[in-house]
Every structure is written in structure tokens, then in C-alpha cells.
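Visitor: Pasting the sequence and the predicted model now:
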Amino acid sequence: MLLKPVMDPPPQPVRYLCGECGAETPLKPGDVVECCECPSRILYKKRTHRIVQYEAR
Ligand SMILES: [Zn+2]
């Protein structure tokens, strides 16, 4: 019987919006603040709205 130690979940990346191209770039703490689509480093933190999807029946 194998029991794995329970590990803490990794920190959730924060999603930023590029000020140049508007691409969404997830960044983890410690990551370089840089757009993943273009060389821009102007990233805006998205409002953390909780996106809830309801299953339509
Ligand atoms: Zn960009």
C-alpha cells in the first residue's frame, strides 16, 4: 500500500493583461513580468472576478 504525502497545492498563477496586445499572461510569484505574446512588459493585473459557470439543464 502506497501512501503519498499530501503536498500543498502550488500557488495559483495570477493572470495579467498585456497593455500592448491584450494577451493574457499567467504569472507566478517570482516570474519575470513579461508578456508571453510580445516583448511588452506592461502588464495589468486583471480584476479577479470569480468566473462561475452554471450548467444549463
Ligand atoms: Zn503583449
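Guide: Nice, I can see it.
Visitor: and the chain, which residues reach the ion?
Guide: Within the chain, the positions lying close to the ion (C-beta under 5 Å from the ion) are 18, 20-21, 23, 35, 37-38, 40. Quick note: C-beta positions are derived from backbone N, CA and C, even for glycine.
Visitor: Which parts of this structure are strands?
Guide: Assigned by DSSP state E, the chain shows strands spanning 14-18, 24-27, 43-45.
Visitor: what mean pLDDT would you report for the shortest one?
Guide: This means strand 43-45. In this model, strand 43-45 carries a mean pLDDT of 90.
Visitor: Ok, stretch 23-33 next?
Guide: Mean pLDDT, computed over stretch 23-33, is 90.
Visitor: Tell me how many other residues surround K46.
Guide: By other C-beta atoms under 10 Å, the residues close to K46 number 12.
Visitor: unless I'm mixing things up, it is touching L17, no?
Guide: Yes. Contact criterion C-beta atoms under 8 Å: K46 and L17 qualify, at 5.6 Å.
Visitor: Most neighbours among the residues of the chain next to the ion, please name it.
Guide: Greatest neighbour count in the residues of the chain next to the ion, by other C-beta under 10 Å, goes to C35: 21 neighbours.
Visitor: T25 is in contact with that residue, correct?
Guide: Yes. Assessed by C-beta under 8 Å, C35 is found in contact with T25 at 5.4 Å.
Visitor: Mind listing the shared neighbours of the two?
Guide: Here C35 and T25 have 18, 43 as joint contacts, going by C-beta atoms under 8 Å, 6 or more residues apart in numbering.
Visitor: Now for K46 and L17: what residues contact both?
Guide: Between them, K46 and L17 share the contacting residues E24, judged by C-beta under 8 Å, 6+ apart.
Visitor: Give me the distance between R15 and R47.
Guide: According to C-beta to C-beta, to the nearest Å, R15 and R47 sit 10 Å apart.
Visitor: which of these two has more neighbours?
Guide: Ranked by neighbour count (other C-beta under 10 Å), R15 and R47 place R15 first, with 13 against 6.
Visitor: Hmm, that one is touching K28, no?
Guide: No. The pair R15 / K28 is not scored as a contact, 10.8 Å apart, by C-beta under 8 Å.
Visitor: quick one: stretch 32-40 to chain centroid distance?
Guide: 13 Å (C-alpha atoms, centre = their mean, to the nearest Å).
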